[in-house]
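# here is a sequence together with a model predicted from it:
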Amino acid sequence: MPRPSPLPDELDPNGFRVCDALAAGVDPGRLRRRDLARPVHGVRTTAALTSPVAALALVMRPDQHFSHTTAVELWGAPLPRQFEGSLHVTTIGAGPLMRRPGVVGHRRRSAAAVVLRAGVRVSGPEHAWRECAGLLSVRQLVAVGDFLVGPRGRTTVDALAATILPGQRSVAVARAAVELIRVGAESAMETWLRLAVVDAGFPEPELQIEVFDRARRFLARVDMGWPELRIALEYDGDHHRERATFEHDQRRDNSMTVEGWLFLHVNRGDVDRPAVLFERLRQAFVARSSARPRA
């Protein structure tokens with residue numbers, strides 16, 4: 001079989017529209033050759049790893065942008081696995097909705113806060129969060145909100161709350177979630193842990209606690225805990241199994257133990273079976289509460 005003829009230089013190998021290729025004089029048969037991937041209808045690319053988002057952006061109209069869970073994912077927020085890779089596109093105004101396989105079309109009658117993110121048009125972080133209220137559970141929406149108000153500073157709790165307007169869909173979910181969003185959670189599992197602890201009847205923990213020794217030297221920063229009782233709670237993700245991280249954690253825990261802290265570690269297994277964790281935490285509260293001097 002003869003080698004495919006080269007494509008015109010003006011066509012981006014990372015993705016180009018079929019109509020642009022035809023306008024550049026490319027033969028339709030050339031666009032059917034196997035060296036060209038078809039990430040979405042109407043787009044070709046020589047790069048097999050071109051993302052569906054980047055490909056779809058090439059055929060979106062100016063009145064369309066990525067929204068809902070697609071926008072949230074582009075902002076970097078954590079999503080349940082079943083929502084990862086979903087494609088949501090919103091049309092502003094009366095233009096036709098995008099109707100393509102694997103794409104969910106939405107409409108907004110009035111203009112929304114649309115910004116450029118990774119080179120494509122997306123809902124701003126506040127509106128992306130609000131759009132997800134109709135798709136995610138309260139806890140899932142809290143995890144997204146925790147991320148957006150976190151260290152990266154995408155937005156604020158007040159800005160999220162301002163997107164909740166009476167009479168809109170999923171207002172109850174959005175209102176319930178915004179009341180639970182906190183600044184300081186650095187992963188979806190930290191959000192889960194905080195909410196689970198509170199649901200189990202414990203006082204709400206402080207987040208990202210800085211611990212110092214008696215000489216006011218910095219020792220550590222822990223995920224969450226109760227400083228007045230010197231109880232720390234840390235979620236150990238997969239990266240904690242790496243040798244350097246494991247050794248660092250040991251040194252930190254030893255230093256905190258010397259300063260009188262109780263350190264409880266939580267791992268993935270506690271997510272499905274939290275009863276043991278809650279019992280250990282209850283014991284820690286009892287031990288520390290009984291040890292506190294009475295007024």
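Received the coordinates, thanks. Numbering: from 1, shown residues only.
# list the buried residues of stretch 127-147.
Neighbour counts over stretch 127-147 (16 or more other CB atoms under 10 Å) mark 127-133, 135-136, 138-147 as buried. Yep, even glycine has a C-beta here, placed from its N, CA and C like the rest.
# with stretch 202-220 instead?
Phe202, Pro205, Leu207, Gln208, Ile209, Val211, Leu219, Ala220.
# ok, back up a step: narrow the buried residues of stretch 127-147 to those in helices?
Mapping those onto helices (DSSP state H) picks out 127-131, 138-147.
# contact partners for Ala177?
Ala133, Val138, Leu141, Val142, Gly145 (CB atoms under 8 Å, 6 or more residues apart in numbering).
# make it 6 Å
Under the criterion of CB atoms under 6 Å, 6 or more residues apart in numbering, the neighbours of Ala177 are Val138, Leu141, Val142.
# tell me the domain ranges of this protein?
Listed domain ranges for the chain are 1-59, 60-178, 188-291 (source: automatic domain parsing).
# could you dump these to CSV with mean pLDDT?
Below are those laid out as CSV (pLDDT from 0 to 100):
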stretch, mean pLDDT
domain 1-59, 87
domain 60-178, 93
domain 188-291, 86
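# for these, which one ends up most surrounded?
Most buried of the domains of the chain, by mean neighbour count (mean count of other CB atoms under 10 Å): domain 60-178, with a mean of 18.
# which neighbours in the sheet does the longest strand seen in the chain have, and how are they oriented?
Longest strand of the chain, by residue count under DSSP state E: strand 218-226. In the sheet, strand 218-226 lines up against strand 206-212 (antiparallel), strand 231-235 (antiparallel) (DSSP bridges).
# the residue most central in space within the chain: which element?
Closest residue to the average C-alpha location of the chain: Ala77 at 1.4 Å, with CA atoms, centre = their mean. For Ala77, there is no enclosing helix or strand under DSSP states H and E.
# quick check, it in contact with Asp146.
No. Judged on CB atoms under 6 Å, Ala77 makes no contact with Asp146 at a distance of 8.8 Å.
# I figured Leu233 hits Trp226, correct?
No. Between Leu233 and Trp226 there is no contact under CB under 6 Å: 8.4 Å.
# out of the strands paired with strand 218-226, flag the one nearest Asp253.
strand 231-235 (8.7 Å; CB to CB).
# hmm, who's touching that closest one?
189-190, 193, 222-225, 261-266, 284.
# let's see that strand as PDB, backbone CA atoms only.
What follows is strand 231-235 as a C-alpha-only set of coordinates in PDB (Å, rounded to 0.1, in the frame of the first residue of the first chain):
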ATOM      1  CA  ILE A 231      -5.300  14.400  68.400                       C
ATOM      2  CA  ALA A 232      -4.300  14.300  64.800                       C
ATOM      3  CA  LEU A 233      -6.000  12.500  61.900                       C
ATOM      4  CA  GLU A 234      -4.200  11.900  58.600                       C
ATOM      5  CA  TYR A 235      -5.400  10.200  55.400                       C
END
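# tell me how far stretch 210-222 is from the chain's mean position?
Chain-centre distance of stretch 210-222: 30 Å, with CA atoms, centre = their mean, to the nearest Å.
# what about it, how long is it end to end?
7 Å (CA to CA, to the nearest Å).
# contacts for it, please.
The contact list for stretch 210-222, computed with CB under 6 Å, 6+ apart, reads Gln208, Ile209, Ala232, Glu234, Arg252, Ser255, Met256, Glu259.
# so can I have JSON lines of these showing distance to Ala24?
As requested, those are exported to JSON lines (distance: CB to CB, whole Å):
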{"residue": "Gln208", "distance to Ala24": "54"}
{"residue": "Ile209", "distance to Ala24": "60"}
{"residue": "Ala232", "distance to Ala24": "62"}
{"residue": "Glu234", "distance to Ala24": "57"}
{"residue": "Arg252", "distance to Ala24": "60"}
{"residue": "Ser255", "distance to Ala24": "65"}
{"residue": "Met256", "distance to Ala24": "65"}
{"residue": "Glu259", "distance to Ala24": "69"}
